[in-house]
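Trainee: Any chance you can model this:
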Amino acid sequence: MRNLFILVLTLLMTSCSLLPPDSQDIAAKKEMIDAYDGMTAEAIFASGCFWCTESDFEKMNGVVTAISGFAGGEELDPSYKQVSAGTTGHREAVLVTYDPSVITYKELVDHFWMTFDPTDDGGSFVDRGFQYTSAVFYGNAEEQKIAEASKTAFAATGKFDKAIVTPILPVTSFFPAEDYHQDYYKENPIRYRYYRSGSGRDDFLKERWGA
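Mentor: The predicted structure is shown next:
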């Protein structure tokens with residue numbers, strides 16, 4: 001569904017290239033992590049479009065960087081084409097590297113619930129299919145406990161019309177997406193804003209949480 005949406009945008013915005021010429025690739029992001037002067041930890045989240053998930057987390061104080069990719073499936077090192085076709089069992093996801101002395105895992109999870117619709121079990125906004133469904137992937141028992149408690153707390157806010165269906169799952173795999181998907185919101189800001197606005201994500205969030 002998103003591919004069709006982007007195709008329409010491409011026809012409307014012929015002055016823009018579909019693929020960013022100078023995206024911050026995986027190697028550059030890993031160099032940023034290696035050069036970081038402080039302790040880091042990792043967390044994996046899926047909330048539909050990984051461009052949006054990456055953008056929402058990278059704007060948080062204490063997040064070093066975020067890498068868009070695929071989580072949870074059995075296919076080794078799948079391509080975006082394979083995952084978007086829904087044949088690999090992966091979800092679009094983001095690997096968040098953060099400084100736990102600046103921001104906690106709980107704060108990341110609490111933020112996560114406010115960035116998408118956790119009551120949608122068929123996809124995320126205009127993107128339909130299992131590959132666009134949401135999940136929190138925990139790396140240990142403590143993270144699982146924190147994520148489950150956060151989910152319960154947000155369900156009790158009354159902000160959602162239906163039950164929160166986002167699962168809390170153990171980390172089994174994560175594979176980075178192709179370089180051109182990294183920092184898409186920075187490299188293609190106009191197309192990204194059109195996509196995000198047109199998808200209905202921002203309207204939903206504003207209705208639930210305000211400006």
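Trainee: Could you list the buried residues of stretch 123-142?
Mentor: For stretch 123-142, a neighbour-count test (16 or more other Cβ atoms under 10 Å) marks 123-129, 131-138 as buried. Every residue, glycine included, has its C-beta placed from N, CA and C.
Trainee: What does the pLDDT read for Y192?
Mentor: At Y192, the model reports a pLDDT of 96.
Trainee: What of D25?
Mentor: 85.
Trainee: do the same with N140
Mentor: The model reports N140 with a pLDDT of 97.
Trainee: For the lengthiest helix in the chain, name the packing helices and strands.
Mentor: Determined from DSSP state H, the single longest helix within the chain is helix 141-155. Where contact means 3 or more Cβ pairs under 8 Å, 6 or more residues apart in numbering; DSSP states H and E, helix 141-155 is packed against helix 105-113, strand 134-138, strand 168-170.
Trainee: if we can go back for a sec, tell me the one of the buried residues of stretch 123-142 nearest L76?
Mentor: Q131 (16.3 Å; Cβ to Cβ).
Trainee: Would you tell me which of the helices and strands packed on helix 141-155 gets closest to T119?
Mentor: Taking those one by one with Cβ to Cβ, strand 134-138 is closest: 9.6 Å.
Trainee: List the strands paired with that closest one, with their directions.
Mentor: Using DSSP bridges, the strands paired with strand 134-138 are strand 41-47 (antiparallel), strand 168-170 (parallel).
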